[in-house]
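Chemist: My questions concern the predicted model and sequence given below.
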Amino acid sequence: MNDCLFFGENNYPKFFKNKPNKIIKPIQFKFENENENENENENEDPILIKNEPDKIKKPIQFKFENENENENEKQIKQISIGCFSITFLFKNGKAIEYLPFSNQNPHKIQIEENIQKVTVGSGNEAILTIEGNVFAKGKYINPKNKKNFINISSLIEDTNDRIIQDIVSGANSIYLLTLNQNVYGIGLNDFGQVGSDSETLYKTEKPILMMKNVSKIFSGNSSIHVFLLNPNQELFGCGYNRFGQLGLGESKKETIKIQKLTKIQNIPKGKIIDIQCGYIHSVMLIENENENPKRKLYSCGYYEYNGLGKDEDIYEFTEIKSSLFENDDNILDFSCGNGYTLILTSKSKLIVFGSNELGQLGTGDTKNQLIPIQIELPKLRFNEDIYNYHISCGNYKSFLYYSPFLSPFLSNLEEDLIKLFRRKEFCDISFKTENGEIIEAHKLILKYRLNQNQNQIEKLQEIISKKSIKESNQIFEMIYSNNSKINPKLYYEIKEIINSNEKIEETMKRIYLNENENEKDFIIERKEKQYKFPKLILIMRSELYRGMFLSVTNDTSNKVTDYSELSNKSFQILEYWIYSNQIKDEIQITQEVINEIQIGIDYFQLNETYPNLLDLLTNKFNN
């Protein structure tokens, strides 16, 4: 059963009996009729569980009553909450939508393409598909029929700029980041939130270009302001600024509407990781390797909601200081709702502040909190994977849920994989990019991932030759890990030649989302030295050779003993062959080495592999 806690406004009139209207402590959120095939079943819509309390002041479990306890723990990918709807996205690329104020059951969103992201505002909803299309609905998106999804990416005038890599919703506006790193806005513009004069453009029913050369968009489901970040870490903002929520400083104190994208000055030192926007406050996460803690939060806006404990609005991003933020405790995720903020840390702390009139902070009462406080959570089933928990806040509702598909650490996966797989001594095939740079790779792994076909490798060579080093690395990241964060255009180019393997995908993500370095390496202690095998390599090779590396678990005591008599030379031969499927030419083979290697082959159960290491060694010895 998926971990999904819910607290705050509880407007489920049809499904809950005898209910208070506020849930002031987290409860488990669930659906009624979810079966073993979960949301794969096209004929059955989930039904919300009945007989839950109304006023949820502490977190409760939110779930579907028909969900399968073993299967669904990996299923929810994302939850997005608006004022009038909640959307659940599942790992299989399907999504369901629930309208709390209606008398309808949750229903599946009928989009033929697989969905990779959903985003819900107060009056809109948008869906990004793996192909890079965006379907959206809402009063200011499709006024003729606000309940129907339309393809808004197809409305972009520049036909070469219609592949979308990210979407974000504001209250009544939607922002699209294209593959070419341009940002378009669509929807309401009453405070200049799409970057235009509201007197001449009150709303737009097709996307208009806001800014070029953008790396990230930040807004919020109740927000009527937006931030755009460029690759140089320069931040720009526009929209509603009555309480200083754009962080422009005292100079803009009296300016309610910022109708032109304006550069934000005096940004704290460090890398901007994320910005979450409420209606009248904003919270920024900054990472600085030279400080402790490395990640710090900064806020601005309305005094009751900015977490600074001051009796005045803050017009510039200011650090939120609290003893709750320990030096060795990492901020994993945070989210802003309409006037409140929830923060999750690596020590399983849920820290909250801001508006709480409907119990959305989960404190057990309805008192506003001017400074951050910690709330007690029910025991989570996946505490060892706290990095896979995420927070989603709506206007007055909050969710804390388990999803291994949204970790912020996925952004570092490319770097980790490149370090691991680009070790020249283990690579046996080279790819030249458009600008002449060389990428080293593993022919054996590529053949396995590319449908066991040499012709597919040649197709990949051709694709890489026309790509930059950045795009090429993204392609290899996809090949090695199935990481869905590859941009849609590249995915579309290579998806026909990729042989997907879900077991590898899940295992890789499980390893790489765990910050414990010992979990990434299988360590073998020997008399002479310590050997480290990256688990990822072992797992890949086990899939290739039907071996037993997946049995390598935390209990390695017996396995270490098996290697104690191998000489360093034999062990190095075995290690090199595991990585590269080759034997170094300069290695001198003796019968003693062959006998020792046999121990390793028997232990790893590699005797069915092809080419057979023992045969190669024997032939080399005989020749």
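Modeler: Okay, I see it. Numbers count the residues shown, from 1 in each chain.
Chemist: Chain neighbours aside, what residue packs nearest to Asn172?
Modeler: Once flanking residues are discounted, Asn172 sits nearest to Leu188: 3.8 Å by C-beta to C-beta, 6 or more residues apart in numbering. Any C-beta I mention is one placed from the backbone N, CA and C, and that applies to glycine too.
Chemist: For that neighbour, name its beta-bridge partners.
Modeler: Taking DSSP bridges as the rule, Leu188 bridges to Lys203.
Chemist: right, and it touches Ser198 too?
Modeler: No - the criterion here is C-beta atoms under 8 Å, and Leu188 misses it with Ser198 at 9.1 Å.
Chemist: and the two? which has more neighbours close in?
Modeler: More crowded of Leu188 and Ser198, by other C-beta atoms under 10 Å: Leu188, with 26 against 17.
Chemist: Roughly how far does that one sit from Lys216?
Modeler: Using C-beta to C-beta, to the nearest Å, Leu188 is found at 22 Å from Lys216.
Chemist: just Lys443 next, same as before
Modeler: In this structure, Lys443 lies at 36 Å from Lys216, with C-beta to C-beta as the measure.
Chemist: check which helix or strand covers Lys470.
Modeler: Using DSSP states H and E, Lys470 falls within helix 469-481.
Chemist: try Val593
Modeler: Secondary structure from DSSP H and E places Val593 in helix 591-604.
Chemist: Let's see the helix or strand just after that helix as CSV, backbone CA atoms only.
Modeler: Next along the chain after helix 591-604, taking DSSP H and E as the criterion, comes helix 613-622. Presented in CSV, the C-alpha positions along helix 613-622 are these (Å, rounded to 0.1, in the frame of the first residue of the first chain):
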residue,chain,number,x,y,z
LEU,A,613,35.6,-16.5,-19.3
LEU,A,614,37.1,-19.9,-18.5
ASP,A,615,37.3,-20.8,-22.2
LEU,A,616,39.0,-17.5,-23.0
LEU,A,617,41.5,-18.0,-20.2
THR,A,618,42.3,-21.6,-21.3
ASN,A,619,42.7,-20.6,-24.9
LYS,A,620,45.0,-17.8,-23.9
PHE,A,621,47.0,-20.2,-21.7
ASN,A,622,47.3,-22.8,-24.4
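Chemist: What count of nearby residues applies to Lys206?
Modeler: The number of residues near Lys206, taken as other C-beta under 10 Å, comes to 12.
Chemist: what's the answer for Ser122, then?
Modeler: If you count neighbours by other C-beta under 10 Å, Ser122 ends up with 24.
Chemist: ok, it touching Ile224?
Modeler: No - using C-beta under 8 Å, Ser122 is not in contact with Ile224; the gap is 9.1 Å.
Chemist: now for the helix or strand hosting Leu490, which elements pack on it?
Modeler: Per DSSP H and E: Leu490 is located in helix 488-494. Contacts defined by 3 or more C-beta pairs under 8 Å, 6 or more residues apart in numbering; DSSP states H and E place helix 488-494 against helix 454-464, helix 469-481.
Chemist: From the contact counts, what lies against the last one?
Modeler: Yep, that's helix 469-481 we're talking about. Applying 3+ C-beta pairs under 8 Å, 6+ apart, one finds that helix 469-481 contacts helix 413-421, strand 438-441, helix 443-449, helix 454-464, helix 488-494, helix 502-512.
Chemist: avg pLDDT for the last one?
Modeler: Which is helix 502-512. With pLDDT averaged residue by residue, helix 502-512 scores 46.
Chemist: again, but for the first one
Modeler: Predicted confidence along helix 413-421 averages 44 (mean pLDDT).
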